[in-house]
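In: predicted model and sequence below, questions to follow.
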Amino acid sequence: MAPVLLAVAHGSRDPAAVTSTRALFRLVRSLRPELSVRCCFLDLARPTLGQALAQLSDQRPILVPLLLGTGYHLRVDLPAALATAGLPLTHLAPALGPHPLLAEALADRLTEAGAPADAPVVLAGAGSSDPTALADTDRMADLLATRLGHPVTPAHLSAATPTPHQAVAALRATGHPAVALATYLLCPGFFARRAAAAPARWTGAPLAAHPAVARLVLHRYDRARTAAELPAAA
């Protein structure tokens with residue numbers, strides 16, 4: 001029997017963020033209906049990761065973090081939770097990003113916002129004090145640039161510079177009056193509102209329940225399941 005896919009979201013006080021996360025997993029389930037898919041949260045929403053692992057104690061799930069970079073949660077919190085639950089580290093998939101499927105989703109969100117294909121783009125990530133997480137955002141900007149066919153400027157909504165406001169202003173100062181902002185976040189909420197406040201002409205929505213994100217969740221699960229030498233769903 002295939003292990004449960006336990007998606008681990010960051011969590012938020014904003015009901016729209018939780019709603020968006022659950023919409024993503026309805027899409028994941030629709031793509032793989034034979035697979036058992038559960039969702040939990042690291043903070044501010046239920047079920048918590050500890051509650052979900054306790055409920056699945058006899059099923060040895062594969063954890064798929066709904067995180068866009070390799071920061072503290074992935075390096076410390078999730079391995080500690082696995083150890084407490086008696087599960088090996090092989091049951092933890094990598095962060096979702098960076099990945100070309102996210103570039104597909106980001107490009108689609110820019111198109112939906114009305115941004116022309118040749119508009120200069122700023123990629124607005126959440127930001128972090130962790131250099132590895134910042135490097136992941138830089139790498140995602142490179143992947144989006146490859147997808148779009150022109151450079152993308154990485155920016156950070158907290159803890160690092162440039163901020164999206166600074167990055168957009170710098171592009172405008174060099175002769176680009178109309179700049180697009182790609183919101184490199186999964187869900188609506190505080191950071192998404194901060195991104196929308198940047199002086200960009202077009203702002204892509206958070207990635208949320210984009211089909212490419214759902215496919216990436218399943219890809220991360222499949223790779224981790226194979227590494228752990230566990231059976232696929234029938």
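Out: That came through fine.
In: show the pLDDT at the residue sitting furthest away from the middle of the chain.
Out: Largest separation from the mean C-alpha position in the chain: residue 175, at 31.8 Å (C-alpha atoms, centre = their mean). At residue 175, the predicted lDDT confidence score is 95.
In: backbone phi and psi for it, please?
Out: Main-chain dihedrals, residue 175, degrees, to the nearest 10: phi 100, psi 20.
In: for the closest residue to residue 1 other than its chain neighbours, list the residues it contacts.
Out: In this structure, residue 1 finds its nearest non-sequential neighbour in residue 231, 6.7 Å apart by C-beta to C-beta, 6 or more residues apart in numbering. Glycine gets a C-beta too; all of them are placed from N, C-alpha and C. Residues near residue 231 by C-beta atoms under 8 Å, 6 or more residues apart in numbering: 1, 2, 225.
In: try it again with 10 Å
Out: 1, 2, 3, 225 (C-beta atoms under 10 Å, 6 or more residues apart in numbering).
In: drop anything exposed from those residues.
Out: Buried by 16 or more other C-beta atoms under 10 Å: 2, 3, 225, out of those.
In: now the contacts of residue 231 as a markdown table including pLDDT?
Out: Shown next, in a markdown table, are the contacts of residue 231 (pLDDT from 0 to 100):
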| residue | pLDDT |
| --- | --- |
| 1 | 80 |
| 2 | 90 |
| 3 | 94 |
| 225 | 95 |
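In: can you tell me which of those is closest to residue 64?
Out: residue 225 (10.1 Å; C-beta to C-beta).
In: just give the closest residue to residue 224, not the sequence neighbours.
Out: residue 93 (3.9 Å).
In: now that neighbour: phi and psi?
Out: phi -80, psi 160.
In: now it: how far from residue 196?
Out: 30 Å (C-beta to C-beta, to the nearest Å).
In: so those two - more neighbours on which side?
Out: Neighbour totals were compared for residue 93 and residue 196, and residue 93 leads with 26 against 17 (other C-beta atoms under 10 Å).
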